[in-house]
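Chemist: the amino acid sequence is not available; the structure is as follows:
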């Protein structure tokens, strides 16, 4: 990273994010694939809804009364389906009563810039009907379901309005909608940074924030996401691997911590836990936690939670624990920033 003006690239992305926030009230666009929601809204002529999880993604521009939810996957993704991370009864009821349409979108990211090339549109009640019919047969405790194009077409075979809606394959599409100027600035900046650092997937998950932290530590980010190639987040010049957790405050979430995941962690040099100010692209705190200490703590918290739930006759839907200030003290974490 020594020959790259990292600050210059980051400042360009911060400026683009500031412009979107100033014009549309949407902040933290580089987390949870928010940038692709902006791309979809621009292509479909919708107005974004400020906020993150728990709110609709967009509304109609005329009345702002219709509520839209977006689901998307990218062509280069390993998972070619749309994911609902929570299909609890309350979530299904909310989709049925509050969401007018759910858009199941496909983003072609094989070339620059990415663009929306086709989608399905189901009403909120239709989506709720599908989830209610399909989820009783799913046994995973996380209450997660993947929905494919084939499954939608088969389930709604007798509904002629449910069809794949094609959009003209136009690589300049993102520059023609409501958010065109901001999207152009963001994607150009990300493309320049990925080229300069020979990286990819910076807009996937929390990869950009991992890069911001890695720059402070002199680490090299692994641009792969998931699978064996993307098993860990970054490495140092000696080839030691690290797992990164980045959040906006002290308190990092570890999800799906099965024994297999904990075993995968065992070959790490250490964990890097960082606190970032996302609107200002600033790293506020960085902690290094030794691998054995962290694994021991989150395993104990996982098992204690499972035992508590079992005693109360409840099911643990997801093996998830938080590593906070108390755990930093217990693990003798080293603050390095």
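Modeler: Received the coordinates, thanks. Everything numeric in this text was worked out from a predicted model, so none of it was measured. Numbering: from 1, shown residues only.
Chemist: how about residue 109, what does it touch?
Modeler: With Cβ atoms under 8 Å, 6 or more residues apart in numbering as the criterion, the residues that contact residue 109 are 74, 75, 76. No exception for glycine: its C-beta is placed from N, CA and C like everyone else's.
Chemist: neighbours around the second one, how many?
Modeler: Each residue near residue 75 was counted by other Cβ atoms under 10 Å, and the total is 13.
Chemist: not counting its neighbours along the chain, what's nearest it?
Modeler: In space, not counting the residues next to it along the chain, residue 75 is nearest to residue 108; the distance is 5.1 Å by Cβ to Cβ, 6 or more residues apart in numbering.
Chemist: residue 77 is in contact with that neighbour, correct?
Modeler: No. Because the distance of 11.2 Å does not satisfy Cβ atoms under 8 Å, residue 108 is recorded as not touching residue 77.
Chemist: and which of the contacts of residue 109 is nearest to residue 274?
Modeler: Using Cβ to Cβ, residue 74 is the member of those that lies nearest residue 274, at 25.9 Å.
Chemist: quick one: buried residues of stretch 324-337?
Modeler: 327, 328, 331, 333 (16 or more other Cβ atoms under 10 Å).
Chemist: hey, which helix is longest across the chain?
Modeler: Using DSSP state H to assign secondary structure, the helix with the most residues in the chain is helix 291-311.
Chemist: what is the mean pLDDT for that helix?
Modeler: Looking at helix 291-311 alone, the average pLDDT works out to 95.
Chemist: name the helices or strands packed onto that helix?
Modeler: With contacts taken as 3 or more Cβ pairs under 8 Å, 6 or more residues apart in numbering; DSSP states H and E, helix 291-311 sits against helix 259-265, strand 270-277, strand 321-323, helix 325-330.
Chemist: tell me the angle of it relative to strand 270-277?
Modeler: Our comparison of helix 291-311 with strand 270-277, counting by axes from the mean of the first three to the mean of the last three Cα atoms, to 10 degrees, yields an angle of 80 degrees.
Chemist: hmm, who's touching helix 291-311?
Modeler: 254, 257, 262, 265-266, 268-271, 315-316, 319, 321, 323, 327, 330-332.
Chemist: redo the helices and strands packed on helix 291-311 as CSV? Include distance to residue 183 and mean pLDDT.
Modeler: Formatted as CSV, the entries for the helices and strands packed on helix 291-311 read as follows, by distance: least, Cβ to Cβ, whole Å; pLDDT from 0 to 100:
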stretch, distance to residue 183, mean pLDDT
helix 259-265, 35, 93
strand 270-277, 23, 97
strand 321-323, 34, 96
helix 325-330, 38, 98
